[in-house]
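S.K.: Structure for this input, please:
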Amino acid sequence: MLLQHTTHRRNLPSIDKRGLLCSKSQGKMQAVWLHDVSMTSWAFLHAVKRHGGRIQDIVSISVDVPDRVVRRASVPGLFYVLVDVAPDQLGSIMEFRMVAASPLEGGDA
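M.R.: Numbering: from 1, shown residues only. Presented below is the predicted three-dimensional model:
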């Protein structure tokens, strides 16, 4: 299942090396939180609100996880896994400027 994980850019070196770790979760549940692409704008805003920083420093990473480990959260489009996500399951990175780009202008910022 192809989903997204949104986080602060400063976390990328660790994520590239060790993957997404449940133990790094700052919420009540030790889980890796994921979302579908329709929730990307919300996820960028949520990351800033929850963890601070500037929205320009937030990135979204594509994640390929097996359907069998994905659990739906109570919010539509939000998911979590209770297992670590290995670096080889990570894909492309989307920056804020890509999310904020106008589709009427061709999406290039």
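S.K.: Tell me how many other residues surround the closest residue in space to residue 44 that isn't next to it in sequence.
M.R.: Leaving out its chain neighbours, the residue that sits closest to residue 44 by Cβ to Cβ, 6 or more residues apart in numbering is residue 58, at 5.0 Å. Just so you know, the C-beta spots here come from the backbone N, C-alpha and C atoms, and that holds for glycine as well. As a burial measure, residue 58 scores 22 neighbours (other Cβ atoms under 10 Å).
S.K.: same deal with the one 4 residues further on?
M.R.: By the other Cβ under 10 Å criterion, the neighbourhood of residue 62 contains 16 residues.
S.K.: Make 9 the starting number, not 1.
M.R.: With 9 as the first residue, the last one maps to residue 70.
S.K.: can I assume it is in contact with residue 98?
M.R.: Yes: applying Cβ atoms under 8 Å as the test, residue 70 and residue 98 come out as touching, 7.2 Å apart.
S.K.: Run through the strands of this structure in chain order.
M.R.: Listed from the start of the chain, the chain has strands (DSSP state E) covering 10-16, 40-43, 66-72, 79-80, 86-89, 98-103.
S.K.: Of those strands, give the one that comes closest to residue 28.
M.R.: Proximity to residue 28, assessed across the strands of the chain by Cβ to Cβ, is greatest for strand 40-43 (4.5 Å).
S.K.: name the helices or strands packed onto the closest one?
M.R.: The criterion is 3 or more Cβ pairs under 8 Å, 6 or more residues apart in numbering; DSSP states H and E, and the helices and strands that strand 40-43 contacts are strand 10-16, strand 86-89.
S.K.: Dump the ones you listed to TSV, plus distance to residue 54 and mean neighbour count.
M.R.: Conversion of the helices and strands packed on strand 40-43 to TSV gives the following (distance: least, Cβ to Cβ, whole Å; neighbours: other Cβ atoms under 10 Å):
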stretch	distance to residue 54	mean neighbour count
strand 10-16	7	20
strand 86-89	9	20
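S.K.: Tabulate those (TSV), appending distance to residue 52 and mean pLDDT.
M.R.: What follows is the helices and strands packed on strand 40-43, written out as TSV (distance: least, Cβ to Cβ, whole Å; pLDDT from 0 to 100):
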stretch	distance to residue 52	mean pLDDT
strand 10-16	6	96
strand 86-89	14	98
